[in-house]
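*Asks:* whatever this is, show me its structure:
(chains A, B, C and D)
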Number of protein chains: 2
Amino acid sequence: MVRLIDVARAAGVSQGTASNTFNNPTLVRPALREKVEAAARALGYGGPDLRGSLLRTGKFNAVAVRPPSQWTIAESLRNPVFSEFLLGVGSVCDANGADLVVSSGRLDASGGTKALVDGMIFLRVEHMAEVEPARLRRMPVVVMDFDAGSEISSVHVDTRIGAREAARHLLDLGHRRFGIMSFLRDPGAARVFPPGTARPPAAAGTVVDQQKYLGYADALAEVGLDIAAIPMVQAEVNDARAAGLLLDAAPQATAILSMSVMQGIALLGEARRRGLSVPRDLSVVAYNDIEAATRCDPPLSTVDSLTRERGALAAKLIFERGPARHERLTPRLVVRASTASPRT
Amino acid sequence: MVRLIDVARAAGVSQGTASNTFNNPTLVRPALREKVEAAARALGYGGPDLRGSLLRTGKFNAVAVRPPSQWTIAESLRNPVFSEFLLGVGSVCDANGADLVVSSGRLDASGGTKALVDGMIFLRVEHMAEVEPARLRRMPVVVMDFDAGSEISSVHVDTRIGAREAARHLLDLGHRRFGIMSFLRDPGAARVFPPGTARPPAAAGTVVDQQKYLGYADALAEVGLDIAAIPMVQAEVNDARAAGLLLDAAPQATAILSMSVMQGIALLGEARRRGLSVPRDLSVVAYNDIEAATRCDPPLSTVDSLTRERGALAAKLIFERGPARHERLTPRLVVRASTASPRT
DNA sequence: AGCGAAACTTGAATCGATTCAAGTACGGAA
DNA sequence: TTCCGTACTTGAATCGATTCAAGTTTCGCT
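*Replies:* This next block holds a predicted model:
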């Protein structure tokens, strides 16, 4: 392998001059520069090796996004909300001339992180320990929706408030009979919870999903409804039968509170198969406003949790390299055509 | 910043032993290992710095995907076909415990590449020069749909054959009156080409798109039709007016040959607005089979150009680190509900 | 020619680890 | 007690560049 010093020797200059030829060409007299470049070409030298310069300069010019632990890269990319988040991060990387690294949530069982990056953005952290290795490296870290202490930057979104707004919207339209489509905490078969069934305390999958449930409960309580009295289905995100189970379990529902766009779309499909017109016979709200929500028929009313904006904000915090900051965003309801007053 | 040698000194062992404690724990007597670990904790040492070990070992454990030049990271991620490709690459990264790097096509105007990766996958290369810096670094490189010489691995897909199959499918169904929806070579306003209008030689945007045009032409020629006699619109991928322009320009068409799923979906929307039923009144085929094609109404018949598979294959070639290989895949037609025989 | 300033070069130190040949300590066998 | 092999440890060399104080050349002026 040709090294800088080989080029320098071949060109009859010192290594320092050779280095300048590549990094500060203006410091080198043109004739000499030419000589060094010729030597480099002759030897097939492809410019300073990144490892060496990295060691000296310490800049990687890259930001990593770490999906929730256990998610593979492929699983992450398959998730449209994750992709939307990446888009936000990516746009800020573009502005800073940095690369975007998608790492696996599964790597580094050792707890070590091997990403060659200047900073990391953690999605859905569940224990401080996940962040610890990066912190020890004094690497800028941003965690999403998790409080890792005042020393570590974080970006939060008020999921509970967003969910409350969504439910209020349906209540304002006059709905009083609902169905809830939620997630399982662990992989498995869909579970149906008829009205009044005992439910796990937070009644949903991830911490974020639990906040949605609580937000729905808040709004329902405001008009004297008990969320426990509402039929609910918990299912994996791509469970094809889930929508059907819910419509069976909540036959008189005029509106469905769901926790993701994918579920919302599945509900639209199932409603259509059953000859129900959305929103005339059934209103549907979903969570997370991604492009797919605008393209389905009818376009879904959703809670926009500012996924892309949050990605961009997190990336900005990384590049700022300032003291830790804690940002909090409030989601907003986007009303489209999947919600309307119930038939009278 | 704490260094390995500081830890070693604090623990009263040599640097070599300290290194082994982290990398080959079994070589170190447990008692000593414990001492080193305690020292590391006490000093807040976060494990061997990546720069140093990188310099020695040379492995980055990451693969970069380079979008077409000029594309930013955000633009790339916004492209669903690109995302699909990433998914393929990502799944192989998962299997190899590597990270996935999305770099910008815009970086490195200098021609240098600064990606900290073991290998690079280039999408839509147009000049050898784009690949040269990576090659000089003796870094494994795979280029997609471009012949960069026998020394550089490549993965090709027979776009022309795929397009020919798509057009044959419509011809077999009995269609004889078409419209073509294509791309502009450069950004700009949509252009309408009435039948028989002079067209640029390859009549489309990128080299790959040109292949689609030629493939359509091949099939049409087989039944004696001249593609130049077919109304065509060239537009940017997200030009909202394009679908309308084409349907205006080809009022008697019974089938549309389009060059992307996004265009195909736009056509479905425009047809619906005009009260045309797809596929009864109008058949539509699109190119590239991504998930969106299965979710629209009706699901689109498309040419599956094996995007994900190609991504996975390219990544495999990177990790193999063997001699250059040249793979060629044949796309296949996926018939869904957007194509049918024309009304008689 | 002589001088000083400007412009360019040099070479050694440094970045933070890994590696491996050579050395030491220890325990068991003779 | 001596010797030997095993099991750890050590320390120096190495990876490939960047940096910068110190040294050298060049050039314009008088």
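
*Asks:* how about the contacts made by the closest residue in space to A:L136 that isn't next to it in sequence?
*Replies:* Spatial nearest neighbour of A:L136, excluding adjacent residues (CB to CB, 6 or more residues apart in numbering or on different chains): B:G46 at 2.7 Å. Where C-beta positions appear, they are placed from N, C-alpha and C, glycine not excepted. The contact partners of B:G46, by CB atoms under 8 Å, 6 or more residues apart in numbering or on different chains, come to A:P133, A:R135, A:L136, A:R137, A:R138.

*Asks:* restricted to strands, list the residues you listed.
*Replies:* If you go by DSSP state E, the contacts of B:G46 have nothing in strands.

*Asks:* re earlier: just the element for the residue nearest to A:L136, please.
*Replies:* Using DSSP states H and E, B:G46 maps to neither a helix nor a strand.

*Asks:* which bits of the stretch 151-300 of chain A sit near DNA strand D?
*Replies:* Within the stretch 151-300 of chain A, no position is adjacent to DNA strand D by CB under 7 Å from any atom of the strand.

*Asks:* now the helices: where do they sit in the stretch 151-300 of chain A?
*Replies:* A:159-173, A:207-222, A:242-249, A:261-273, A:291-295 (DSSP state H, counting those that start in this stretch).

*Asks:* any chance of those in TSV, plus mean neighbour count, mean pLDDT and distance to A:H127?
*Replies:* As requested, these are exported to TSV (neighbours: other CB atoms under 10 Å in any protein chain shown; pLDDT from 0 to 100; distance: least, CB to CB, whole Å):
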stretch	mean neighbour count	mean pLDDT	distance to A:H127
helix A:159-173	22	97	20
helix A:207-222	21	94	12
helix A:242-249	22	96	30
helix A:261-273	21	93	27
helix A:291-295	18	87	32
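
*Asks:* just send those helices back as a markdown table, with distance to B:P194 too.
*Replies:* Formatted as a markdown table, the helices of the stretch 151-300 of chain A follow (distance: least, CB to CB, whole Å):
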| stretch | distance to B:P194 |
| --- | --- |
| helix A:159-173 | 49 |
| helix A:207-222 | 53 |
| helix A:242-249 | 46 |
| helix A:261-273 | 39 |
| helix A:291-295 | 31 |
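
*Asks:* closest to B:G275 out of those helices?
*Replies:* Closest to B:G275 of the helices of the stretch 151-300 of chain A, according to CB to CB: helix A:261-273, at 19.5 Å.

*Asks:* what's the angle from that closest one to helix A:242-249?
*Replies:* Interaxial angle of helix A:261-273 relative to helix A:242-249 (axes from the mean of the first three to the mean of the last three CA atoms, to 10 degrees): 60 degrees.

*Asks:* narrow the contacts of B:G46 to just the buried residues.
*Replies:* By neighbour count, with 16 or more other CB atoms under 10 Å in any protein chain shown, the contacts of B:G46 hold A:P133, A:R135, A:L136, A:R137 as buried.

*Asks:* correct me if wrong: A:A271 contacts A:S283.
*Replies:* No: in this structure, A:A271 is not within contact of A:S283 by CB atoms under 8 Å, at 10.1 Å.

*Asks:* residue in the stretch 101-250 of chain A nearest to DNA strand C?
*Replies:* At 9.2 Å from DNA strand C, A:R137 is the closest residue in the stretch 101-250 of chain A, using CB to the nearest atom of the strand.

*Asks:* on the three-state scheme, A:V65 is what?
*Replies:* Following DSSP: H, G, I helix; E, B strand; the rest coil, we place A:V65 in the strand state.

*Asks:* same deal with A:G90?
*Replies:* Using three-state DSSP, the structure places A:G90 in helix.

*Asks:* in the stretch 101-250 of chain A, which residue sits nearest chain B?
*Replies:* A:L136 (2.7 Å; CB to the nearest CB).

*Asks:* list the contacts of that residue.
*Replies:* B:G44, B:Y45, B:G46, B:G47.

*Asks:* dump the residue contacts of the residue nearest to A:G244 when sequence neighbours are not counted.
*Replies:* Once flanking residues are discounted, A:G244 sits nearest to A:E270: 5.4 Å by CB to CB, 6+ apart. Residues in contact with A:E270, defined by CB under 8 Å, 6+ apart, are A:A243, A:G244, A:L247.

*Asks:* what does the stretch 201-344 of chain A have sitting close to DNA strand C?
*Replies:* Contact residues (CB under 7 Å from any atom of the strand) of the stretch 201-344 of chain A with DNA strand C: there are none.

*Asks:* residue of the stretch 201-344 of chain A with the smallest distance to chain B?
*Replies:* Relative to chain B, the nearest point of the stretch 201-344 of chain A is A:D297 (6.1 Å; CB to the nearest CB).

*Asks:* surely that residue touches B:D297?
*Replies:* Yes: applying CB under 8 Å, one finds A:D297 in contact with B:D297, separated by 6.1 Å.

*Asks:* right, is stretch A:36-56 up against DNA strand C?
*Replies:* Yes: residues of stretch A:36-56 are located near DNA strand C by CB under 7 Å from any atom of the strand, namely A:G52, A:L55, A:R56.

*Asks:* find the closest residue to DNA strand C in chain A.
*Replies:* For chain A, CB to the nearest atom of the strand, closest residue to DNA strand C: A:G16, 2.4 Å.

*Asks:* doesn't that residue belong to a helix?
*Replies:* Yes: assigned with three-state DSSP, A:G16 falls within a helix.

*Asks:* for it, give me the pLDDT.
*Replies:* On pLDDT, A:G16 comes in at 89.

*Asks:* now A:P298: how far from A:K35?
*Replies:* Separation of A:P298 from A:K35 (CB to CB, to the nearest Å): 70 Å.

*Asks:* please say which of those two ends up with more neighbours.
*Replies:* A count of neighbours by other CB atoms under 10 Å in any protein chain shown puts A:K35 above the other of A:P298 and A:K35, at 19 against 15.

*Asks:* helices and strands around the strand or helix carrying that one, which ones?
*Replies:* Using DSSP H and E, the element containing A:K35 is helix A:30-43. In terms of contacts (3 or more CB pairs under 8 Å, 6 or more residues apart in numbering or on different chains; DSSP states H and E), helix A:30-43 is packed against helix A:4-11, helix A:15-23.

*Asks:* close to DNA strand D, is that helix?
*Replies:* No: using CB under 7 Å from any atom of the strand, helix A:30-43 never reaches DNA strand D; the gap is at least 10.0 Å.

*Asks:* is whatever helix or strand comes next after that helix in proximity to chain B?
*Replies:* Next in sequence after helix A:30-43, counting helices and strands by DSSP H and E, comes helix A:50-57. Yes: contact between helix A:50-57 and chain B, assessed by CB under 8 Å from any CB of the partner chain, occurs at A:L50, A:R51, A:G52, A:L54, A:L55.

*Asks:* which of those are buried?
*Replies:* Buried residues within the residues of helix A:50-57 next to chain B, defined by neighbour count using 16+ other CB under 10 Å: A:L50, A:R51, A:L54, A:L55.

*Asks:* show me which of those residues neighbour DNA strand D.
*Replies:* A:R51, A:L55.
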